[in-house]
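Trainee: Here is my input, please return the structure:
(2 chains)
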Amino acid sequence: MATNNTSNNTSREISTQADQSYWAIVKRQFKKNKLAVWSLRIIIFIITVGLLADFLANDKPLYCSYKGNTYFPVLKEYAVDMRLSKWPEELNNVVWKDLKYDAVIFAPIPYAPEKTDDKNNDYKSPMGSQEIVSTRWRHWLGTDQLGRDLLSGLIHGTRIAMLVGVVSMSIASVIGILLGSLAGYYGDEKLKISLARLILNIIGVPLALFYAFNTRGYILEDALADSFGSFCISFLISFFLFLILMLIPNIITIGLKKIAFLDKKVTIPVDILISRMIEVIMSIPTLLLILSICAIVSKPSIMLIMVIIGLTGWTGIAKLIRGELLKVRSLEFIEAAQSLGYSEARILFKHAIPNSLTPVLISIAFGVAGAILAESSLSFLGIGTQADVITWGKLLSSAREYAPAWWLAIFPGFAIFVTVTIFNFVGEGLTDAIDPRLKQ
Amino acid sequence: MFKYVLKRLLYFVPTFIVISLITFMLGQMAPGDPVELKLKGGMGGSANGQSSEKMAGEKAYMELSEKLGKNLPAFYFSITSAAYPDTLYKIPRQNERKNLDRLISMYGNWNNVSDYYKNAKLLEQKLFQFSNTNLDEASYEKLKALRDNNSELFINYDKVKIGESLKTIQAAAIHTTTIKTDSTHTKTIQPFIFALPEVNNLVASYTKMNNEINTSNNYVPAFHWFGLNNQYHRWLFGDVPWFGKNDNPSKVSKGFFRGDFGNSILDNRPVASILIEAVKLTLLINFFEFFFIYIIAIPLGVSLAVKKGTSYDRIVTTLNFMLYSLPAFWIATMCIIFFTNPYYGEALNLFPDHGIGKTGADFGFWEKAVDRAYHLILPMFCMLLGAFAFISRMMRGSMLNVIRQDYIRTAFAKGLEPRKVFWKHAFRNSLIPIITMFASFLPAMISGAVIIEYIFTIPAMGRISYESVVARNFPVLFTILMFAAILTMLGNLLADILYGFVDPRISLTKKA
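Mentor: Residues are numbered from 1 along each chain as shown, chains lettered A, B, ... in the order given. Here you go, the predicted model:
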């Protein structure tokens, strides 16, 4: 029976294999790895927890009817935060737990991570007795010294951990894919530009930098002093200004090309330049660099840490995609595209890069694990943390203050461990599925 | 071979330049005036002090600033807007310099800004030359207001704030008071009228600056060349001559390349002497760590490869992978909580929770060694786990690679017993990547142990870097950063060379 089954399966596989896309093959290979598949499911679960954190653990009720009015306080808070609405008089700064409701539905964990429970402060163990009205109000994983609920902190910490992974890896992917593909596609000999363009760009870059960043220096500095978010916006404005300014020399080139001497082609060794850059970035120990930057910035924030992790973490992705494009660029479909007379940019972005992206997934999976680990290490050290942001690392470090509180050591650490492990498992599964040769 | 090493060493140069530039830039961006920090906020800015004290503070500041080379331009050249003078670096105090910088960007006219600054300085001098005896309460308050508001001018660029300060100064300068000349007569005097010309000049220059705003110069780039006598060059090469005698006593820096990394901001000790102790400890810990890792992880990796596909292999490999993802600081926290105190039973209170044990000359060598080992068991265990899992995974993979080769099949085919094939033929060749791994561990020694050393309070490199971050002790921090980067480069080179030695098939010259 069993043999019959497998032979059936194989025949079906063979019959469908021919018209399957690369993606489908990768997917099928990945599904063979049970551990990786389960890890992926847990990741989806964790992401859901992160997204729904406010609805899972909150001191505000999800729904309540108070003094004849109906409210959805959790939803309402989003509106209040966005300054679209205001709390009504009778609900402004209230202790939600103590109100006399007509009807109410609390979140599953009726505690906010940063709110203190005065009756259950001073390290209440999850096993021991707690001063609560009913089991509904139990602190399932205990509290810390101020009486903050640990489970609620863990749930909200999930959001931060996921955010760290997403933000830092998005930055790293954009930089890594762009630079890696340039290096891989053009190599050392393929990028030829006219002398005029080269000279004008060499002059143009410092000038564009000057106008985009130097003359706007104090605008950027004031924005940084204000908040990291407004700094990012100002920085992006500067960056786009830079890009627009860089258009000018390249437009002038078109006219200058008519002079034969200036139209002489020069080869740019893109690969050497980018590879050296990768080597330089890789030789700076990331943790030390982040520590140094946090020491310099007057108000280090979690956003800043995510950005730095992203800015230093792109080298692995760049290396992978460079290798991939070195292979891809000599394949027939690229040649075909070239013979059709497509522009280099079109070939690169529409044909070459999309066909070499899969290995990047591996790097991203491992990268997310690394980023989460790095961020939790930093918040464990108390570097770059904000008072109002609860992270797993911060919760874990609070265990060091009071040894008998074992729950503060075990649960946050376990959360970090599980998250890092499953992302690593997914990375491993992807490696097996995409390119078994990469695996040692 | 020699050619290859030479070429690689040449590759170092651009990499090193970039890294030193990054480090230097971080140092320039560091908050706080390094000179001020070293003077420990001493006599510097106090506006209340005696004039002699103030002058002494100013002198001390200048001397230290020269000693630290902070009176030099930052880099070989600068690209600024044409509104900036190329001599702005000569303004000694960092906060005043930054404020002037800001004023230039606001008003775009260096001549007017510098007039305003000079007038403010003149007023400051005048005010401090005034000896403040024989003043009544109200006048004394006014004098204080004069001095305070005057020094506010040097650090404010906001129009409203400057306006307020100027108004207070003007009002205080014409302050009138009555004093007794003898028991019956009183006289109305204006004690600060002597400063009125300076005050008027100051206000006039401020008004002029405000009336002649011309920011168009801010959009004209200007290039200034400063030559070799700059902070970056001094930091790397020093200002003491490399050959011959140093005849200028104010030149004290030997520079990074001659082992002078500056002095700690906290206690003014040379950075090198702070780091040497930490380096010794780091080396000791890492020596034993490597020893244990290799002695356990390698046989484990081999045995996993030999039994590939069995449930033993699957389970241990998966466990190993989880061990690899285990956050070391979690394990360390758990160890501290469960094994270093008596809350969970006396039986578990096995280890000390911090430090490295007895130091000093009172104890014998063995006594110290045993105590140190006892203190280092837990931290080393925590540091080991991740590296252990990594190495055994590598070993398994590398062994599997070798077993697939033809010559192993040949060895089996000619009837050699498996143990001999594995250990004599396969093992040796599969060691190659593992040996080279060693080289890339060099830099990880510094940065890898920051958290564990922080948790267990071990004064090795990691802990020092953490402490210098918290205390913003930049000379120490940046020296560590530079060395970590240099070690990484050296480690990569060493790995490549080792590779060439252990595996003659790899031709370095061709690869390069």
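Trainee: State which one residue of the stretch 151-300 of chain B is found closest to chain A.
Mentor: In the stretch 151-300 of chain B, the residue found nearest to chain A is residue B:221; the distance is 4.8 Å by Cβ to the nearest Cβ. Just so you know, the C-beta spots here come from the backbone N, C-alpha and C atoms, and that holds for glycine as well.
Trainee: That residue contacts residue A:207, correct?
Mentor: Yes - contact criterion Cβ atoms under 8 Å: residue B:221 and residue A:207 qualify, at 6.5 Å.
Trainee: Name the nearest residue to the residue of the stretch 151-300 of chain B closest to chain A, sequence neighbours excluded.
Mentor: residue A:210 (4.8 Å; Cβ to Cβ, 6 or more residues apart in numbering or on different chains).
Trainee: Beta-bridge partners for the residue of the stretch 151-300 of chain B closest to chain A, please?
Mentor: residue B:81 (DSSP bridges).
Trainee: about what we covered before: for the residue nearest to residue B:221, which residues are in contact?
Mentor: B:79, B:81, B:221 (Cβ atoms under 8 Å, 6 or more residues apart in numbering or on different chains).
Trainee: Pick the one among the residues you listed closest to residue B:102.
Mentor: Proximity of the contacts of residue A:210 to residue B:102 was ranked by Cβ to Cβ; the top entry is residue B:81 with 12.9 Å.
Trainee: tally of neighbours for the closest one?
Mentor: When neighbours are counted by other Cβ atoms under 10 Å in any protein chain shown, residue B:81 registers 21.
Trainee: In contact with it: list those residues for me.
Mentor: Contacts of residue B:81 (Cβ under 8 Å, 6+ apart): A:210, A:214-215, B:105, B:217-222.
Trainee: Recalculate using a threshold of 7 Å.
Mentor: By Cβ atoms under 7 Å, 6 or more residues apart in numbering or on different chains, the contact list for residue B:81 reads A:214-215, B:217-222.
Trainee: Show me what the longest strand along chain A is packed against.
Mentor: Ranked by residue count and defined by DSSP state E, the top strand of chain A is strand A:61-66. Counting contacts by 3 or more Cβ pairs under 7 Å, 6 or more residues apart in numbering or on different chains; DSSP states H and E, strand A:61-66 packs against helix A:73-81, strand A:103-106.
Trainee: And these: which comes nearest residue B:233?
Mentor: That would be helix A:73-81 among the helices and strands packed on strand A:61-66, by Cβ to Cβ, at 51.4 Å.
Trainee: That closest one to strand A:61-66, inter-axis angle?
Mentor: Counting by axes from the mean of the first three to the mean of the last three Cα atoms, to 10 degrees, helix A:73-81 points 100 degrees away from the direction of strand A:61-66.
Trainee: Show residues contacting helix A:73-81.
Mentor: With contacts defined as Cβ under 7 Å, 6+ apart, helix A:73-81 is touched by A:54-55, A:58, A:60-62, A:64, A:85-87.
Trainee: Please enumerate the strands of chain A.
Mentor: Using DSSP E, strands in chain A cover A:61-66, A:69-71, A:103-106, A:192-194, A:265-267.
Trainee: Mean neighbour count, the ones you listed: which tops it?
Mentor: Mean neighbour counts were compared across these using mean count of other Cβ atoms under 10 Å in any protein chain shown; the top stretch is strand A:61-66, at a mean of 18.
Trainee: Break the chain down into its domains, please.
Mentor: Since no chain was named, I'll use chain A. Domain segmentation of chain A under automatic domain parsing yields A:19-57+A:112-130+A:139-191+A:281-440, A:59-106, A:195-267.
Trainee: Chain B is the one I meant
Mentor: According to automatic domain parsing, the domains of chain B span B:107-219, B:271-502.
Trainee: First-to-last residue distance for the last one?
Mentor: Think domain B:271-502. End-to-end distance of domain B:271-502: 38 Å, with Cα to Cα, to the nearest Å as the criterion.
Trainee: which residues touch residue A:410?
Mentor: Contacts of residue A:410 (Cβ under 7 Å, 6+ apart): none.
Trainee: Can you tell me which of the domains of chain B is nearest to residue A:126?
Mentor: domain B:271-502 (15.3 Å).
Trainee: need the residues of the stretch 151-300 of chain A near chain B, please.
Mentor: A:206-207, A:210, A:214-215, A:218, A:276, A:279-280, A:283-285, A:287-289, A:291-292, A:294-296, A:298 (Cβ under 7 Å from any Cβ of the partner chain).
Trainee: Look up phi and psi at residue 190.
Mentor: All of this is about chain A. phi -90, psi -20 (degrees, to the nearest 10).
Trainee: Correction: the question concerned chain B.
Mentor: phi -110, psi 100.
Trainee: Am I right that it is in contact with residue B:173?
Mentor: No - here residue B:190 does not reach residue B:173: they are 8.1 Å apart, not a contact under Cβ atoms under 7 Å.
Trainee: Compare the two (neighbour count), which wins?
Mentor: residue B:173 (24 against 13).
Trainee: Same question for the longest helix seen in chain A: list its buried residues.
Mentor: Using DSSP state H, we find that the single longest helix of chain A is helix A:150-186. Residues of helix A:150-186 classed as buried by neighbour count (16 or more other Cβ atoms under 10 Å in any protein chain shown): A:150-169, A:171-173, A:175-186.
Trainee: That concludes my questions; thank you for your assistance.
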